[in-house]
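Engineer: need a 3D model of the following:
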Amino acid sequence: MLQGFTGWHALIILVVVVLLFGATKLPGLAKSVGQSMKIFRSEMKSTDADENESEDKAKDASGETKSTPKS
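Structural biologist: Model prediction:
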């Protein structure tokens, strides 16, 4: 998908972003993107934890025993 993506392409994209948003708004934009990514990651972790917890409850309810590794 990005096989032909080079440094020149990145430079052109950067110039377009600066022209669209202006140099003064870029730090605020970067900060908000960073905060959004942080929130997204924490939500994904909590979703994974919820799924694992519900799987454990389903196994416990069905009578399955948790296997322990033998040494």
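Engineer: where in this structure is pLDDT low?
Structural biologist: Counting by pLDDT under 70, the chain contains low-confidence ranges at 1, 62-71.
Engineer: any idea which helix is longest in it?
Structural biologist: Looking only at the chain and at elements set by DSSP state H, the helix with the highest residue count is helix 26-62.
Engineer: and that helix, what does it pack onto?
Structural biologist: Secondary structure elements in contact with helix 26-62, counted by 3 or more C-beta pairs under 8 Å, 6 or more residues apart in numbering; DSSP states H and E, are helix 7-21. In this view, the C-beta of every residue, glycine as well, is placed from N, C-alpha and C.
Engineer: what's the helix it packs on packed up against?
Structural biologist: Using 3+ C-beta pairs under 8 Å, 6+ apart as the contact definition, the elements that helix 7-21 packs against are helix 26-62.
Engineer: one more time with 6 Å, if that's ok
Structural biologist: For helix 7-21, the packing partners by 3 or more C-beta pairs under 6 Å, 6 or more residues apart in numbering; DSSP states H and E come out as none at all, with no helix or strand in contact.
Engineer: between it and helix 26-62, how many degrees?
Structural biologist: Orientation note: helix 7-21 sits at an angle of 100 degrees relative to helix 26-62 (axes from the mean of the first three to the mean of the last three C-alpha atoms, to 10 degrees).
Engineer: what are the contacting residues of helix 7-21?
Structural biologist: If you take C-beta atoms under 6 Å, 6 or more residues apart in numbering as the criterion, helix 7-21 is touched by residue 29.
Engineer: mind exporting that helix as PDB, just the C-alpha atoms?
Structural biologist: What follows is helix 7-21 as a C-alpha-only set of coordinates in PDB (Å, rounded to 0.1, in the frame of the first residue of the first chain):
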ATOM      1  CA  GLY A   7      10.700  11.300   1.900                       C
ATOM      2  CA  TRP A   8       9.500  13.700  -0.800                       C
ATOM      3  CA  HIS A   9       5.900  12.500  -0.300                       C
ATOM      4  CA  ALA A  10       6.200  13.100   3.400                       C
ATOM      5  CA  LEU A  11       7.600  16.500   2.800                       C
ATOM      6  CA  ILE A  12       4.700  17.400   0.500                       C
ATOM      7  CA  ILE A  13       2.200  16.200   3.000                       C
ATOM      8  CA  LEU A  14       3.900  18.200   5.700                       C
ATOM      9  CA  VAL A  15       3.700  21.400   3.600                       C
ATOM     10  CA  VAL A  16       0.000  20.800   2.900                       C
ATOM     11  CA  VAL A  17      -0.700  20.300   6.600                       C
ATOM     12  CA  VAL A  18       1.100  23.500   7.400                       C
ATOM     13  CA  LEU A  19      -0.800  25.400   4.800                       C
ATOM     14  CA  LEU A  20      -4.200  24.100   5.900                       C
ATOM     15  CA  PHE A  21      -3.800  24.500   9.700                       C
END
